[in-house]
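> okay, sequence plus prediction incoming.
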Amino acid sequence: MAPALAGKVALVTGAGRGIGRAVALALAAEGAAVALAARTRADLAAVAAGIRDAGGRALAVPADVTQDPEVDALVEQVTAELGRLDILVTAAGTAAFGPFADSKGAAWEAMLAVNLRAVMTCCRAVLPAMLRQGNGTILTIASIAAKRALPGSAVYTATKAGVVGFSRVLAEELRAHGVRVGVLVPGAVDTPLWDALGSTPPRELMLRPEDVARAAVLMASLPPHASLEELTLLPAGGIL
Ligand SMILES: NC(=O)c1ccc[n+]([C@@H]2O[C@H](COP(=O)([O-])OP(=O)(O)OC[C@H]3O[C@@H](n4cnc5c(N)ncnc54)[C@H](OP(=O)(O)O)[C@@H]3O)[C@@H](O)[C@H]2O)c1
């Protein structure tokens, strides 16, 4: 049997580390040609090499998703070199936690720019190709923070609740055009995101990036008549 995503082309942002890296590897393992975007070239090169070593097809495109012209150029390069664009996964993200009273505007802006605005930019950039094809799958990555009130995460939560709302409306707008939009809502995942965050929940209890990747593959590989629109994936221990 052919792999589930044979012949498909995917673009994964934040593909250099953590969840995006795992999603890129998993989509490639299912037969998709995968374009990898993030700012750090060395990370992308390593992920691309891993995909190629396993017999897959990868295209590494260094890009800052907060820069609109870079996003447009990224999508142009992907469609030019890989021929089409079937799947977008927006996994680029950043987090800073702490009491809101102590928070700084620069940190708000960084989170809003990557976690929310860039999701919109990337979705808009892929739509011409997906609408032309009459099909496509967009997966955004929110967080359980969007659903539960976790003290210390007010601004991060605002960006992720924004992603949930944005994804729900986009799903309705695109339904008639054959493009499905799903939002993944993970609890804590053991990724480098936590390295700079000081005290963390027990990392051994967290989800692994590969768990989130399995959910993304499921959402992307369902037949066109089925659309998994929102999927909450928690560590078995719950909110850590
Ligand atoms: N880890 C968790 O517990 C968890 C739980 C729920 C949801 N999430 C969400 O899942 C997503 C991925 O998180 P993660 O834990 O995998 O984080 P991570 O390990 O820190 O990886 C983040 C990735 O995003 C890229 N990135 C950051 N800013 C970017 C920018 N401006 N342009 C392009 N790429 C950028 C990073 O690469 P460069 O720095 O090289 O650009 C990196 O490849 C985030 O949206 C996060 O909020 C994470």
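That came in fine, so what should we check first? Numbering: from 1, shown residues only.
> wait, what's in contact with residue 114?
Contacts for residue 114 (CB atoms under 8 Å, 6 or more residues apart in numbering) come out as 65, 66, 92, 93, 94. (Each C-beta comes from the backbone N, C-alpha and C, glycine too.)
> sorry, wrong one. I was asking about residue 116.
With CB under 8 Å, 6+ apart, residue 116 has these contacts: 159, 162, 163, 166.
> using JSON lines, lay out those together with neighbour count, distance to the ligand and secondary structure.
Listed next are the contacts of residue 116 as JSON lines, based on neighbours: other CB atoms under 10 Å; distance: CB to the nearest ligand atom, whole Å; DSSP: H, G, I helix; E, B strand; the rest coil:
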{"residue": "159", "neighbour count": "26", "distance to the ligand": "8", "secondary structure": "helix"}
{"residue": "162", "neighbour count": "18", "distance to the ligand": "12", "secondary structure": "helix"}
{"residue": "163", "neighbour count": "24", "distance to the ligand": "8", "secondary structure": "helix"}
{"residue": "166", "neighbour count": "18", "distance to the ligand": "13", "secondary structure": "helix"}
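> how much space between the residue sitting furthest away from the middle of the chain and residue 109?
Ranked by distance from the centre of the chain (CA atoms, centre = their mean), the top residue is residue 101, with 29.5 Å. For residue 101, the distance to residue 109 equals 18 Å [CB to CB, to the nearest Å].
> same question, residue 224
Applying CB to CB to residue 224 and residue 109 gives a distance of 38 Å.
> and the nearest residue to residue 99 once chain neighbours are set aside, what pLDDT?
Taking CB to CB, 6 or more residues apart in numbering as the measure, residue 99 lies nearest to residue 152, with 6.4 Å between them; neighbours along the chain are not counted. Looking at residue 152, its pLDDT stands at 95.
> could you pull out the strands for the chain?
9-13, 33-38, 58-62, 87-90, 136-141, 179-186, 230-233 (DSSP state E).
> how about these in JSON lines, adding distance to residue 125, mean pLDDT and mean neighbour count?
As requested, the strands of the chain are arranged in JSON lines below (distance: least, CB to CB, whole Å; pLDDT from 0 to 100; neighbours: other CB atoms under 10 Å):
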{"stretch": "strand 9-13", "distance to residue 125": "9", "mean pLDDT": "99", "mean neighbour count": "29"}
{"stretch": "strand 33-38", "distance to residue 125": "11", "mean pLDDT": "99", "mean neighbour count": "28"}
{"stretch": "strand 58-62", "distance to residue 125": "12", "mean pLDDT": "98", "mean neighbour count": "21"}
{"stretch": "strand 87-90", "distance to residue 125": "9", "mean pLDDT": "98", "mean neighbour count": "28"}
{"stretch": "strand 136-141", "distance to residue 125": "11", "mean pLDDT": "98", "mean neighbour count": "25"}
{"stretch": "strand 179-186", "distance to residue 125": "13", "mean pLDDT": "98", "mean neighbour count": "24"}
{"stretch": "strand 230-233", "distance to residue 125": "23", "mean pLDDT": "98", "mean neighbour count": "16"}
